[in-house]
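Novice: Structure, please.
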Amino acid sequence: MWFQQQITLSPRSRGFHIITDEILEKIPEIKQIRTGLAHIFIQHTSASLTINENADPSVRRDFASHFKRMVPEDMSLYEHTLEGPDDMTSHIKSSLLGSSVSIPVTGGTLNLGTWQGIYLCEHRNRGRRRKLVVTLQGEGEG
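Specialist: Below you'll find the predicted structure:
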């Protein structure tokens, strides 16, 4: 069984946002998969996806403060600045974290660890609508 769907996420502020439940709401077809794989790909170069702790909000704040120090918005450091001080920095952060995640599907749901969630990592100062492509592959029930 194969299934693929594009999902559009509403704009979010800069930061690290847990989107696991939102993805699951938009792909009810996952419930038909007994054993398989979900691949989630973001169609943008200034936002990224990652999996990390979903319980303590300080994790997301620490991600934000670390990336702010690691990739500073100092336009004198970059050549590609046509869209402002967050332009090239967003591309760098996106490349560091990546554009996709793959997660096992077991018993009709994502087989994430107890404290894991899927993050949308919005790197622009003013986030935009973001498009994800979710591809499910697996064996169905029965």
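Novice: any idea which element the most centrally placed residue in the chain lies in?
Specialist: Against the mean C-alpha coordinate of the chain, by C-alpha atoms, centre = their mean, the closest residue is L49 at 2.5 Å. Per DSSP states H and E, L49 falls inside strand 47-53.
Novice: Same question for that strand: list its buried residues.
Specialist: A47, S48, L49, T50, I51, N52, E53 (16 or more other C-beta atoms under 10 Å). Heads up, the C-betas are built off the backbone N, CA and C, glycines and all.
Novice: Quickly name whichever of those is closest to Q4.
Specialist: Nearest to Q4 out of those is L49 (C-beta to C-beta; 16.4 Å).
Novice: Report the angle between the longest helix along the chain and strand 47-53.
Specialist: Criterion DSSP state H: the longest helix present in the chain is helix 57-70. Angle, helix 57-70 to strand 47-53, by axes from the mean of the first three to the mean of the last three C-alpha atoms, to 10 degrees: 140 degrees.
Novice: Can you name every helix or strand that the next helix or strand after helix 57-70 contacts?
Specialist: Counting by DSSP H and E, the next helix or strand C-terminal to helix 57-70 is helix 87-97. For helix 87-97, the packing partners by 3 or more C-beta pairs under 8 Å, 6 or more residues apart in numbering; DSSP states H and E come out as strand 47-53, strand 116-126.
Novice: quick revisit: reformat the buried residues of strand 47-53 as a markdown table; add distance to S99 and pLDDT.
Specialist: Converted to a markdown table, the buried residues of strand 47-53 look like this (distance: C-beta to C-beta, whole Å; pLDDT from 0 to 100):
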| residue | distance to S99 | pLDDT |
| --- | --- | --- |
| A47 | 9 | 98 |
| S48 | 6 | 98 |
| L49 | 7 | 98 |
| T50 | 10 | 98 |
| I51 | 13 | 98 |
| N52 | 16 | 98 |
| E53 | 21 | 97 |
